[in-house]
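[1] Just a sequence and a predicted model for now, questions to come.
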Amino acid sequence: MSPIRCFIPLALALGLGGCGGGDFSDLDAYMNEIRQRPPGKIEPTPVFHAYPTFTYSAASLRSPFSRQVRVDLAGQRHGSRNVRPDPNRVKQYLEGFNIEQFEMVGTISNASGSFALLRGAGGVHRLKVGDYLGRNDGRIVAISASQVDVVEIVPDGEGAWLERPRTIPLKEHS
């Protein structure tokens, strides 16, 4: 028998011999402590306190990183009691959408007049002077090849109404 074959069983016997015969006094002490506890007593589960929910409510406020807008109350336009939206007028379909969502993509003219093509609200819409769009009673007052002019009726904050002109420019390369 070769010396290596004799050395392997000897090394295994010495290695495994070191695993046995250890001191288990700490384990025996712990087991005795567990056995001496009264039977059937289970520790109650810890009580978890729920944190109050937090609702972020500053999303609609001005960003702290944008420049402040100075309000000049002397130069502020005041509304008129003569200007007001017609509450009896039947609302058109495009008045249910924000006017910022619309973009002008072209014009069409025929014998009955000139029409603006506005994209928004899920499609392209053909509108003429006098049609309404937007949530602030926006009425189309002029159509040119490069823009659509709209006049909105908005509250002035003091109980009156104010006419606010808006322009929807032609979006090229659309």
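    Structure's in. What do you need?
[2] hang on, isn't P165 packed against D149?
    Yes. P165 lies in contact with D149 (Cβ atoms under 8 Å); the separation is 6.7 Å. Quick note: C-beta positions are derived from backbone N, CA and C, even for glycine.
[3] quick one: which of those two has more around it?
    Neighbours of P165 and D149, each counted by other Cβ atoms under 10 Å, are more numerous for D149; the result is 16 against 11.
[4] Hmm, V141 and that one touching each other?
    Yes. D149 lies in contact with V141 (Cβ under 8 Å); the separation is 5.1 Å.
[5] With P52 as the reference, measure out to the residue nearest in space to the middle of the chain.
    Residue closest to the average C-alpha location in the chain (Cα atoms, centre = their mean): A59, at 9.2 Å. Distance of A59 to P52, computed by Cβ to Cβ, to the nearest Å: 19 Å.
[6] got the residue ranges for the helices in the chain?
    Secondary structure of the chain by DSSP state H: the helices cover 3-17, 25-36.
[7] Select from those helices the stretch with the lowest mean pLDDT.
    If the helices of the chain are sorted by mean pLDDT, helix 3-17 sits at the bottom with a mean of 68.
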